[in-house]
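**Student:** Generate coordinates for the sequence data below:
(2 chains)
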Amino acid sequence: MGLNKLIKQCAKNDRKAQKEIYQLFGGKLFSICLKYSKNKHEAEDNFQDGFITIFNKIDQFSFKGSFEGWLKRVMINTVLIKYRKKNVLNIITDEIPDEVVVDVEEDEFSLDFLLNLIHELPERYRLVFNLYVLDGYSHREISEMLRIAEGTSKSNLARARAILKQKIEEYQQGQQSI
Amino acid sequence: MKSTNKDNNLFKNIIVVSDFKNIDRLFQEKLKDYEVSPPNKVWSGIENNLTEVPQKRRIPIWAKFASIAALILLFISLGAIYLLPTNNFTANLFKIPSTDKPTVKNSTDTLKPFEIISKETANVKVSSNKVKEQNNIEKPIKNIIKVDENTSIADNKTNTKSLPKYLTDTKNLAFQKEAKVKTTKKGIDKSKFTVATIFAPIYMSSFGDGSGIDGQFKNNPSSGNSSYSYGVKVAYQLNKKFTIQSGVNLINLGFTTNNVFITPGVSAVGLSNITSSPNLGKDTKSSKEFNTTGSLNQVFGYVEIPVEVKYNVTNGKFGVNLVGGFSTLLLNRDEVFVETSDYTQSLGASKNLRSINFSGNIGVDIDYLIHKNLYLNVSPMFKVQTNTFSKNSGSLLPYYLGVYTGINYKF
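**Tutor:** Model prediction:
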């Protein structure tokens, strides 16, 4: 079955087609949830909610552009909406710390270690870092998605980088002292 | 600035030179195209939520439509059965009429002198006329006979044609159609079947004029009666556009011939009066005194076997189709009643109804998807009957309009 036909079947609430889509894209989308969420447990919750949203809205997919891109957007939005709801209070901190450029060696860090670093970031920092660094959204887009000021997005990113840098250095120090 | 200097100092101590990347790129490399298969239990969670969410939102919408449609149809049906007929027709349709003598019986006493006088003059003639002339009504009319306009009995006699020939003709035709139905059913495979229940309020009327009772009522105003039809339908989808459908319906129809003059108890007299002096008829003083106007109701029922082709115009939640075809109608009920404001009486069966006749059908068919394989179906159909009557019925060509509604189930 072609992808387009599969999508159309999903729109008719065809369970088989839905499962096929889930199997095709589940891995990629789950990894998004892992990156954007606080921990694995929340990632599973968000992933489930995201997929339910996807199947409820799949009839809105216009067959223009990439389906995978659409899926990712829906998934990311589901997660964002969730965390946006939680953080009613947005403390606006527009002061931007100095740009940190950290150089690290390749293959020194395991995937789990990096993922863990992201999980440990404060909520907003995590989201902004993901959106900007991993998914290539601009600060303008992020400010709209998270309903924050563009400057806030920038400062959040800088803070996220600083924290990550610090953690990596601590890790490296630990490694060296052994 | 202090802190960054401090950081940089640390940094210099730690990192090996060669092939560095900045922190963004580190994360990008590792995490951008990374895939993890979600735990298996998550799918069941999604599945459980999917069954609930769409139903919660969708069912109320169609339920509203369906219940409104069902209510409208119910009212139309009830209205058609109980309100439209103005002459107690439905009462005849559903009840077996009492064969008791009419309640007017008392009045025959007063008529007796008149009866005796006429019998003396035309007794022999009457007895022979009684049988020959009422060629359309099996039972000779005992109490009543109409007299109307200037019809002569001679007319009726010439109209009479040989019945057997007609019967054999129609039978041959019918067998061909039956064979057709069977062959279409043979082609049916496993897929694309629809089974449906049908109910339809029917409004009947006719083209041309005449009477189904007797040629002599040709110029009387006649009208069709509203009724209903019900049955089952089987459809088989040939391809995307065409569907062939058949089924079995029971249908009751009725015709009313109005302004019939009825003279209780003096049938022979009234008729003989006419034969001797055709121009007098209803205008004579004597007949005006004793006659009452009433109507003759002819009720007939058929087993209808339609064979129709459906052409799909639009698909989707609302499916619109054009329907055309024909029906074979097998007579299974036939009765004639006379009806006045005072009483109703059965006159027996009419002879001129063919046991098999056909109708040409044309209409529109609208499907509305209720749920998965269930469709609500509304199909206004127009059906014109051919050769309903074998003779003496003028140019009467009955047609009927029915709104066939039902629930379809697609396999």
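**Student:** Assign the residue in the stretch 151-300 of chain B that chain A sits nearest to to helix, strand or coil.
**Tutor:** Nearest to chain A, among the residues of the stretch 151-300 of chain B, is B:Lys240, at 15.7 Å (Cβ to the nearest Cβ). To be clear about C-beta, it is placed using only N, CA and C from the backbone, and glycine gets the same treatment. With DSSP: H, G, I helix; E, B strand; the rest coil as the basis, B:Lys240 sits in coil.
**Student:** I figured it was touching B:Lys310, is that so?
**Tutor:** No - using Cβ atoms under 8 Å, B:Lys240 is not in contact with B:Lys310; the gap is 11.8 Å.
**Student:** who has more neighbours, the two?
**Tutor:** B:Lys310 (24 against 8; other Cβ atoms under 10 Å in any protein chain shown).
**Student:** Tell me the first helix or strand C-terminal of the helix or strand harbouring the more buried one.
**Tutor:** Take DSSP states H and E as the rule and B:Lys310 turns out to sit in strand B:292-314. On the C-terminal side of strand B:292-314, the nearest following helix or strand under DSSP H and E is strand B:318-339.
**Student:** neighbouring strands for that following strand, and are they parallel or not?
**Tutor:** Paired neighbours of strand B:318-339 in the sheet (DSSP bridges): strand B:292-314 (antiparallel), strand B:344-348 (antiparallel), strand B:356-371 (antiparallel).
**Student:** thinking again about what came up before, which pLDDT value does the model give the residue of the stretch 151-300 of chain B closest to chain A?
**Tutor:** Per-residue pLDDT puts B:Lys240 at 78.
**Student:** what about B:Lys410, distance to A:Asp59?
**Tutor:** Distance, B:Lys410 to A:Asp59, using Cβ to Cβ, to the nearest Å: 21 Å.
**Student:** So for the two, which residue has more residues nearby?
**Tutor:** B:Lys410 (17 against 12).
**Student:** So B:Ile76 sits against B:Pro201, correct?
**Tutor:** Yes - if you go by Cβ under 8 Å, B:Ile76 and B:Pro201 touch, sitting 5.4 Å apart.
**Student:** what is in contact with the two at once?
**Tutor:** Common neighbours of B:Ile76 and B:Pro201 (criterion: Cβ atoms under 8 Å, 6 or more residues apart in numbering or on different chains): B:Val403.
**Student:** Which one's more surrounded, these two?
**Tutor:** Between B:Ile76 and B:Pro201, counted using other Cβ under 10 Å, the more crowded position is B:Pro201 (22 against 14).
**Student:** residues contacting B:Ile244?
**Tutor:** Applying Cβ under 8 Å, 6+ apart, the residues near B:Ile244 are B:Thr184, B:Ala235, B:Tyr236, B:Leu238, B:Val307, B:Glu308, B:Val309, B:Lys310.
**Student:** Could you pick out the buried ones from those residues?
**Tutor:** B:Thr184, B:Ala235, B:Tyr236, B:Val307, B:Glu308, B:Lys310 (16 or more other Cβ atoms under 10 Å in any protein chain shown).
**Student:** is it true that the third one touches B:Gly247?
**Tutor:** So that's B:Tyr236. No - taking contacts as Cβ under 8 Å, B:Tyr236 lies outside contact range of B:Gly247: 11.4 Å.
**Student:** which neighbours do the two share?
**Tutor:** Joint contacts of B:Tyr236 and B:Gly247 (Cβ under 8 Å, 6+ apart) do not exist.
**Student:** so what secondary structure elements neighbour the strand or helix carrying A:Ile7?
**Tutor:** Remark: A:Ile7 resides in helix A:3-11, with elements defined by DSSP H and E. Here helix A:3-11 touches helix A:15-36, going by 3 or more Cβ pairs under 8 Å, 6 or more residues apart in numbering or on different chains; DSSP states H and E.
**Student:** after the helix it packs on comes which helix or strand?
**Tutor:** helix A:40-57.
**Student:** which regions of the stretch 201-350 of chain B lie under the pLDDT threshold?
**Tutor:** B:208-219, B:262-292, B:342 (pLDDT under 70).
**Student:** Ok, chain A next?
**Tutor:** Short version for chain A, where the test is pLDDT under 70: A:1, A:85-108, A:177-178.
**Student:** Identify the residue nearest the geometric centre of chain A.
**Tutor:** A:Tyr36 (3.6 Å; Cα atoms, centre = their mean).
**Student:** Let me know the secondary structure of B:Leu73.
**Tutor:** B:Leu73 is classified as helix under three-state DSSP.
**Student:** which residues touch it?
**Tutor:** B:Phe199, B:Val378, B:Val403, B:Thr405.
**Student:** Buried ones among those residues?
**Tutor:** B:Phe199, B:Val378, B:Val403, B:Thr405.
**Student:** hang on, the residue nearest to the centre of chain A packs against A:Thr78?
**Tutor:** No - A:Tyr36 is beyond contact range of A:Thr78, at 9.6 Å (criterion: Cβ under 8 Å).
**Student:** between the two, what contacts are shared?
**Tutor:** Joint contacts of A:Tyr36 and A:Thr78 (Cβ under 8 Å, 6+ apart) are A:Asn46.
**Student:** so what's B:Pro398 bridging to?
**Tutor:** Counting by DSSP bridges, the residues bridging with B:Pro398 are B:Ser206.
**Student:** pLDDT at it, what is it?
**Tutor:** With respect to pLDDT, B:Pro398 has a value of 79.
**Student:** show me what contacts it?
**Tutor:** B:Met204, B:Ser205, B:Ser206, B:Phe207, B:Gly212, B:Gly224, B:Leu253, B:Phe255, B:Val384, B:Gln385, B:Thr388.
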